[in-house]
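> here's my sequence, what's the structure:
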Amino acid sequence: MRPAPTPEPPPETEIEPPGVPGLSGLLTLAVGVVVLAALYVGREVFLPVVLAILLAFVLAPFVELLRRWRLSRVPAVIIAVLVALGIIVSLATVIGFQVAGLATDLPRYQSTIETKIGHLREGSLGKLPALLKDFGRRFDQAVAEPPPEQQAPTPSNATTPPPPEEPKPLPVEVHEPDPTPAQVAKNVLLPLLEPLATTGIVFVVLVFILMQREDLRDRMIRLFGASDLHRATAAMDDAARRLSRYFLTQLALNASFGVVAAVGLWLIGVPSPILWGVFAALMRFVPYIGSFLAAVPPILLAASVDPGWSMALMTLALYAIGEPLMGHVVEPIVYGQSTGLSPFSVVISAIFWTWIWGPVGLLIATPLTLCLVVLGRHVERLEFLDVLLGDRPALTPAENLYQRMLAGDPDEALESAELLLKERSLTSYYDEVALRGLQLAANDATRGVLTHRQLDQVRDVIRALVQDLGGHDDVEPEAHETKDDPVAAPASEKPANKEPAVPAPMPEESRVPEAWRADGVILCIAGRGPLDEAASEMLAQLLSKHGLGTRVVPHEAVSRRQIFNLDMTGVQMVCISYLEISGTPAHLRYLLRRLKQKAQAPTLVGLWPAEDAVLKSETMRATLGANYYVSSLRDAVVQCLKVATGEEKLSEPVNSASADKATSAKRLPLPA
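Residues are numbered from 1 along each chain as shown. This next block holds a predicted model:
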């Protein structure tokens, strides 16, 4: 029987076709469609609830202030709600009077506008349409008219009879009867019923939210974070506090802008300045274009009031100067570096919520999107909201470096590294970013998903990156105060401060003996993995920056066939780097045995994945026979400096308590 033909391997550049969506993907799509339909169809129900939640964030600090004044929860909530309702009713009353005043003066404004338009028509600007029309007519004639020799002669005696006159239409007038008092009341009251009903629902829901805020928080914790009550409680409390502070600050800044606009318009002489001030404050909730849209009505009104153009120009200057100052000077100082939302998500959210809920959705788009980002940052099930809408990078620095490696782009990798080195040392960057990026590549290479070309690109990029970073000193940069943002992680989730490159007290470079400064004193050997040599180059670079002489050799140089040709003259210490070591590391044990036979020098094994079994098993480490085991480049540098300066002797006994720690250097006595 003829054997079946072996299928040819796919080309290195071929990408497997995407699989068919599973049941979970279809369910997710169905849930998303149902949620969108519910938001659109049930906007009369959801919109008041969302407005009440946002208003609750604004009033929560005021309620807490009243409770500090020895008021119980019920009076504090009632007072806060009544104050908010009073402010809203007062603004609505003032706006009503302002609009009524504008309505009475509309004929005068209309005549002024008509006069200005007439002056423009009489001037050179008014002649421009006629000139353009005449030019277009001449151009059409030149194109459509045939040459003179092709024109047919027209008979001189041809006459065309005039067309018959059409009958004139009879005028018809339609008179509507005067509206009755019931019809007048209907026309006035019906448009007000829906806003009044929505306002009533908002304040009723607001009262219940403020009264049962802790109970609602506990239910949210039960729903999303029952497995980790401590972390979920800290996250919910911190998120609510940050959102309340952010919304209250935003409301205060927008109100301040409205007051400045109203005072400026009053000084300029524009009618109804309070109306336009309130309008400017509300429109500033609309991202990017809200303030410019708020400037259009007062500019047009100023142009209709003043016979000249000075009032309109001053109004334009007021908004053109005030908005950039508020948006680019005041807000960055108050908010900090970031508001937690990406610019693209702000625009998309404004379009989405306007489509779902109309003009009110446009006003609350940014606050509502910020709430969703906070949920995504603190609730694991909703993390996709933070990824889609938040301003944090979608990829971690290590993932971004790995992606640049796969793309073969060393320039962008270097640019990202230089930005990160402004807030951390070179050792910290190598430990936290470069090694983790290499581990991602090594894992993919082990699974067989990396092609040879991609693996070569990874090697080339990391080699170029290490060479380019050779000019950076391994020192901890000065600490800079970071700006807070409303969607930052709570204090319980913030990482601890980064450890310095070499912990104090550090052996001074002058204390390193001259014998340890010569090239090749510390032999950095790469493991047998395809990317272990890059880790050895990083370690060698860091050691050389602290005054130690190094030399990097590939894994082939210490194989059974080649180790006899390896020159180990003057080697005082051997460092072996492994990005991964799976199963029983027999090859490492035999490698250490060969090195001991070649030169009696202390050996250090760097197992950069801290969860490796070798770092957790004292018995396995003793079987291997190395003197030191580390899981970070920082620990490797510290250990080599201690050995070089004589701070640590090989004859000292092993500290079994510290040997069980995976992140600290491990030392064993030399075998007899």
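
> which residue packs closest to Tyr109, ignoring adjacent ones?
Ranked by CB to CB, 6 or more residues apart in numbering and with sequence neighbours excluded, the top spatial neighbour of Tyr109 is Ser304, at 3.9 Å. To be clear about C-beta, it is placed using only N, CA and C from the backbone, and glycine gets the same treatment.

> correction: the previous question concerned Ser349.
Thr369 is the one closest to Ser349 (CB to CB, 6+ apart), at 4.0 Å.

> what about the helix or strand harbouring that neighbour, distance to the chain center?
Assessed by DSSP states H and E, Thr369 sits inside helix 365-378. Counting by CA atoms, centre = their mean, to the nearest Å, helix 365-378 is centred 12 Å from the centre of its parent chain.

> average pLDDT across that helix?
Across helix 365-378, pLDDT averages out at 83.

> elements contacting the following helix or strand past it?
Using DSSP H and E, the next helix or strand after helix 365-378 towards the C-terminus is helix 383-389. The elements that helix 383-389 packs onto, with contact taken as 3 or more CB pairs under 8 Å, 6 or more residues apart in numbering; DSSP states H and E, are helix 343-363, helix 365-378.

> residue ranges of each domain in the chain, please.
42-121+194-217, 397-475, 509-667 (automatic domain parsing).

> now the ones you listed in JSON lines, with mean pLDDT, mean neighbour count and distance to Val270?
Converted to JSON lines, these look like this (pLDDT from 0 to 100; neighbours: other CB atoms under 10 Å; distance: least, CB to CB, whole Å):
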{"stretch": "domain 42-121+194-217", "mean pLDDT": "85", "mean neighbour count": "15", "distance to Val270": "11"}
{"stretch": "domain 397-475", "mean pLDDT": "88", "mean neighbour count": "18", "distance to Val270": "47"}
{"stretch": "domain 509-667", "mean pLDDT": "78", "mean neighbour count": "18", "distance to Val270": "65"}
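
> and the nearest residue to Glu556 once chain neighbours are set aside, how far is that from Ile525?
Of all residues not flanking Glu556 in the chain, Gln562 sits nearest, at 5.9 Å (CB to CB, 6+ apart). Taking CB to CB, to the nearest Å as the measure, Gln562 falls 12 Å from Ile525.

> please apply the same query to Phe208.
Using CB to CB, one obtains 69 Å as the distance from Phe208 to Ile525.

> and Ala626, that's in a helix?
No: if the criterion is DSSP: H, G, I helix; E, B strand; the rest coil, then Ala626 is coil and not within a helix.

> what separation do you get for it and Leu388?
47 Å.

> same question, Tyr628
46 Å.

> and the helix or strand where Leu293 lies, what does it pack against?
Element membership for Leu293 (DSSP H and E) is helix 290-305. When contacts are defined as 3+ CB pairs under 8 Å, 6+ apart, helix 290-305 packs onto helix 106-122, helix 229-268, helix 273-283, helix 310-325.

> show me how far it is from its chain's centre.
In terms of CA atoms, centre = their mean, the centre of helix 290-305 is found 34 Å from the chain centre.

> flag every buried residue along that helix.
By 16 or more other CB atoms under 10 Å, the buried positions in helix 290-305 come out as Gly290, Ser291, Ala294, Ala295, Pro297, Pro298, Ile299, Leu301, Ala302, Ala303, Ser304, Val305.

> follow-up on the earlier one: quick check on the residue nearest to Glu556: phi, psi?
phi -100, psi -10 (degrees, to the nearest 10).
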